[in-house]
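**Q** Sequence first, predicted coordinates after that:
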Amino acid sequence: EGRVFVAMLGGGAGTLASLGETGLPTQDKIGEKLGLGSMSMPSRTSDDHRAEYVTLLSMLAATSSKIGREVYEQMKQEFSEVEEPVPAGTVGSSTMPQKRNPKLSQDIVAAAAQVRNFVPLALEAMQTEHEADRTHTVMMGRAVTETCALMGDILTRLINLFSGIRLFPERMRQNLDLSGGLIMAEALMLDLGQTIGRQHAHDAVYDAAQATATEGGTFREHLAAHPDVSSRLSMERVEALLDPAQYTGMCRPFAERGAKQAREVADAIEQRQR
């Protein structure tokens, strides 16, 4: 923030010719009153800081879009794992009354695409003549104002989305089980590899998985029929290894750490605004 949000009082050519040595302290005071830092080298032709601001907002928009698109995808009827708030009376489609469309998510993705398109304009506005002209001012002003407005809309919609998002863990588990345990092949391979080596374990689990795809039957059946598997792993152990809930790695610590960090940041922002 100290680099991006700065005041400039350098005069037409940035030389402080009309103020002399008192110029920089005056610029500092003006910045202080406006809640801004002070430009170390006053210049009307240097818009690096504002271009950086537009770029940073674009990155924030891209992250927001990734979140919105994930909700959009998981809200599809084929997945049905989450659902953004759908207030009573909301019309999802003028022709299909059953639709519960992810409007907030779609708006976030669309607005974020617009924000990203202002980065080239901001970078172009940096290419100004040495004495400056109004051209770059118009371009940079458009990039900054439009980006800020769009980003405010995106963040507002994100807040609304997560204030009422619904999760469906039962459907999540159903979707995990659609492959009949095939998605847990890595867990089986690593466990089996402790006794016969990773490569041999990979070959054995690969054979069982491919047979499931080409010959029919279940993954469990083909694992039980493979001598390298059945001779070293009991079916109880195989069943345990095929359970996705037993192979989540560091997901819980990551989630808890991320939530803790988010709360700390939110508290710091709230304290700063008081």
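**A** That came through fine. Numbering: from 1, shown residues only.
**Q** Over to residue 137: give its phi and psi.
**A** phi -60, psi -40 (degrees, to the nearest 10).
**Q** Near it, how many residues? Count them for me, please.
**A** 14 (other CB atoms under 10 Å). C-betas here are computed from N, CA, C, even on glycine.
**Q** Check what pLDDT the closest residue to it other than its chain neighbours gets.
**A** If the residues on either side of it in the chain are set aside, residue 137 comes closest to residue 125, at 8.0 Å by CB to CB, 6 or more residues apart in numbering. pLDDT for residue 125: 92.
**Q** ok, now the one 10 residues further on?
**A** Confidence at residue 135, expressed as pLDDT, is 88.
**Q** Doesn't it lie inside a helix?
**A** Yes: using DSSP: H, G, I helix; E, B strand; the rest coil, the secondary structure at residue 135 is a helix.
**Q** thinking it is in contact with residue 128, fair?
**A** Yes: here residue 135 reaches residue 128: they are 7.1 Å apart, a contact under CB atoms under 8 Å.
**Q** Next, give phi and psi for the residue nearest to residue 137.
**A** phi -70, psi -20.
**Q** Share the number of residues neighbouring it, please.
**A** Residue 125 has 22 nearby residues by other CB under 10 Å.
**Q** what does residue 177 give?
**A** 13.
**Q** quick one: secondary structure of it?
**A** Residue 177 ends up helix, using three-state DSSP.
**Q** Residue 241 versus residue 87, what's the distance?
**A** To residue 241, residue 87 is 44 Å away according to CB to CB, to the nearest Å.
**Q** For the two, indicate the residue with more neighbours.
**A** Neighbour tally, residue 87 and residue 241, criterion other CB under 10 Å: the higher count belongs to residue 241, 21 against 6.
**Q** hang on, the more buried one packs against residue 193?
**A** No: using CB under 8 Å, residue 241 is not in contact with residue 193, being 12.0 Å away.
**Q** how many neighbours does residue 211 have?
**A** 17.
**Q** what residues are up against residue 56?
**A** residue 4 (CB atoms under 8 Å, 6 or more residues apart in numbering).
**Q** a strand runs through it, doesn't it?
**A** No: per three-state DSSP, residue 56 lies outside any strand segment and is helix.
**Q** can you pull out the helices in the stretch 101-250 of the chain?
**A** With helices called from DSSP state H, counting those that start in this stretch, the stretch 101-250 of the chain shows them at 103-116, 118-125, 134-163, 169-176, 185-196, 198-215, 219-225, 227-230, 235-241.
**Q** Please spell out which residues along the third one are buried.
**A** I take that to be helix 134-163. 136, 139-140, 143-144, 146-147, 150-151, 154, 157-158, 161 (16 or more other CB atoms under 10 Å).
**Q** what stretches of the stretch 101-250 of the chain score poorly on pLDDT?
**A** Of all residues in the stretch 101-250 of the chain, none has pLDDT under 70.
**Q** Next up, the contacts around the residue nearest to residue 137.
**A** 47, 50, 51, 136, 137, 139, 140, 143.
**Q** With residue 225 instead?
**A** residue 208 are the contacts of residue 225 under CB under 8 Å, 6+ apart.
**Q** what do you get if the cut-off is 10 Å, keeping everything else the same?
**A** Each residue near residue 225 by CB atoms under 10 Å, 6 or more residues apart in numbering is listed here: 207, 208, 211, 217.
**Q** top of the residues you listed by neighbour count?
**A** Neighbour max across those (other CB under 10 Å) = residue 208, 24 neighbours.
**Q** Next one: that residue from residue 214, what distance?
**A** 11 Å.
**Q** Domain-wise, how is the chain divided?
**A** 1-43, 45-172, 179-273 (the TED database).
**Q** Out of the ones you listed, which is the most enclosed?
**A** Comparing the domains of the chain by mean neighbour count (mean count of other CB atoms under 10 Å), domain 45-172 comes out on top with a mean of 16.
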